[in-house]
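Peer 1: With the input below, show me the fold.
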Amino acid sequence: MFPKVQPPKADSLDTNGMNINTADLQAITSVDVDGWREAVPQIRDHYAALGDRLPSELATALDALESSLS
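Peer 2: The predicted structure is shown next:
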């Protein structure tokens, strides 16, 4: 469902008319892969608390997210 996590490249974004420096642009386009890896089990715990009320699409999306982080 989700491709491997690839943040956008800073130079692929149209920043014309914006006053944004390179360091800030790199920060806002980065993905904290380790942070997301740590969050997945917490999200699973939360989902488990919802039981059969959890839409299956959310569980599927979380599986895909976890897979894309490897």
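Peer 1: Give me the pLDDT value at the residue located most distally from the centre of the chain.
Peer 2: Most distant from the centre of the chain: Gly17, at 27.4 Å, with distances by Cα atoms, centre = their mean. On the pLDDT scale, Gly17 is placed at 93.
Peer 1: what packs against the helix or strand containing Ala59?
Peer 2: Assigned by DSSP states H and E, Ala59 belongs to helix 56-68. If contacts are counted by 3 or more Cβ pairs under 8 Å, 6 or more residues apart in numbering; DSSP states H and E, helix 56-68 sits against helix 33-50. Where you see a C-beta, it was placed from the backbone N, CA and C, and this is true even at glycine.
Peer 1: what does the helix it packs on contact?
Peer 2: Helix 33-50 has contacts (Cβ atoms under 8 Å, 6 or more residues apart in numbering) with Val5, Leu54, Leu58, Ala59, Leu62, Leu65, Glu66, Leu69.
Peer 1: Export it to CSV, keeping only CA atoms.
Peer 2: Provided in CSV are the C-alpha atoms of helix 33-50 (Å, rounded to 0.1, in the frame of the first residue of the first chain):
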residue,chain,number,x,y,z
VAL,A,33,12.0,6.7,10.8
ASP,A,34,13.2,5.5,14.2
GLY,A,35,10.5,7.6,15.9
TRP,A,36,7.8,6.0,13.7
ARG,A,37,9.2,2.5,14.4
GLU,A,38,8.9,3.2,18.1
ALA,A,39,5.4,4.6,17.7
VAL,A,40,4.0,1.6,15.8
PRO,A,41,3.7,-0.7,18.9
GLN,A,42,2.0,2.2,20.8
ILE,A,43,-0.4,2.6,17.9
ARG,A,44,-1.1,-1.1,17.9
ASP,A,45,-1.8,-1.0,21.7
HIS,A,46,-4.3,1.8,21.1
TYR,A,47,-5.9,0.0,18.3
ALA,A,48,-6.3,-3.1,20.4
ALA,A,49,-8.2,-1.1,23.0
LEU,A,50,-10.8,-0.3,20.2
